[in-house]
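> here's a sequence, model it:
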Amino acid sequence: TYGLFPLAKHMFPLQSDFPVHSAAFTGLAIKVAPFPIFEDQARAILYVFEDHSRLDIAAESVVVVERAQRIAAAEGSDDPSVVMKSWNFFAQWEGFEYRADLSKFVNPQSPWTLPDWEAWMWRRKALLRAAWVAIEKRGDAEEWLRGVGTHGVADWFALCKRLLDNPELQGPEDLEAKL
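Modelled structure (predicted):
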């Protein structure tokens with residue numbers, strides 16, 4: 001029955017009772033990779049708390065209204081409680097767009113962009129999860145993880161590719177065809 005709405009950038013209150021530089025709410029986004037978003041939100045919070053004039057309230061209000069209208073149309077209801085309940089649910093790629101927007105807000109000269117490897121893994125997350133569960137059930141997790149991480153992200157990406165390339169982990173249909 002309660003919710004935090006509306007919030008500029010999904011964090012800062014737009015109500016006059018709580019100036020944007022007085023409070024911020026992190027971690028409200030649902031159906032996202034949470035820890036990278038927490039980091040981006042923390043940077044944005046520090047950026048605004050350092051100088052609250054950096055947050056354009058009028059522009060943020062327009063963004064909130066537009067999102068509310070999109071949610072109302074998608075839900076088939078303009079009931080504020082329906083919009084509020086759906087507010088923090090992000091669509092498939094929206095979490096990445098949100099991260100990019102936060103990064104551009106804090107660092108317009110060098111904003112974050114979604115790496116190809118991360119998009120590749122995100123598209124296949126259900127398949128990767130199923131393959132990893134199969135490995136754990138067989139008791140092979142330790143063997144698969146040996147040495148992974150010593151060369152950073154490249155090792156994890158290679159592990160994910162091996163998971164999907166392994167014929168023992170694939171069902172009767174080609175896993176890639178399920179994408």
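> how about low-confidence regions in the protein?
When the per-residue scores of the chain are filtered using pLDDT under 70, the ranges that remain are 1-2, 169-179.
> please, where are all the strands along this structure?
7-8, 12-13 (DSSP state E).
> parallel or antiparallel, list what pairs with the first one.
When pairing is defined by DSSP bridges, strand 7-8 lines up against strand 12-13 (antiparallel).
> what's the distance between residue 65 and residue 27?
Here the criterion is C-beta to C-beta, to the nearest Å. By it, residue 65 lies 24 Å from residue 27. All C-beta atoms are positioned from the backbone trio N, CA, C, and that covers glycine.
> which one's more surrounded, these two?
The residue with the greater number of neighbours, taking residue 65 and residue 27 and applying other C-beta atoms under 10 Å, is residue 27; the counts read 14 against 11.
> which residues touch the more buried one?
34, 37, 38, 41 (C-beta atoms under 8 Å, 6 or more residues apart in numbering).
> and the helices in the chain?
Listed in chain order, the helices found in the chain under DSSP state H are 34-50, 57-75, 80-86, 94-106, 116-123, 125-138, 141-145, 153-165.
> now the two most distant members of the contacts of residue 27.
By the measure C-beta to C-beta, 34 and 41 form the most distant pair in the contacts of residue 27, at 9.9 Å.
> those two - which one has more neighbours?
residue 41 (23 against 14).
> how much space separates residue 164 from residue 129?
Taking C-beta to C-beta, one finds residue 164 at 11 Å from residue 129.
> which one's more surrounded, these two?
A direct count of neighbours by other C-beta under 10 Å for residue 164 and residue 129 places residue 164 higher, at 19 against 11.
> quick check, the more buried one in contact with residue 128.
Yes. Assessed by C-beta atoms under 8 Å, residue 164 is found in contact with residue 128 at 7.0 Å.
> check contacts around residue 103.
With contacts defined as C-beta under 8 Å, 6+ apart, residue 103 is in contact with 40, 43, 111, 112.
> mind redoing it with 7 Å?
When the contact criterion is C-beta atoms under 7 Å, 6 or more residues apart in numbering, the partners of residue 103 are 40, 111, 112.
> apart from its neighbours in sequence, what residue is nearest the first one?
What it means is residue 40. Across the structure, with C-beta to C-beta, 6 or more residues apart in numbering as the measure, the residue nearest residue 40 apart from its sequence neighbours is residue 102 (4.1 Å).
> alright, calling it a day.
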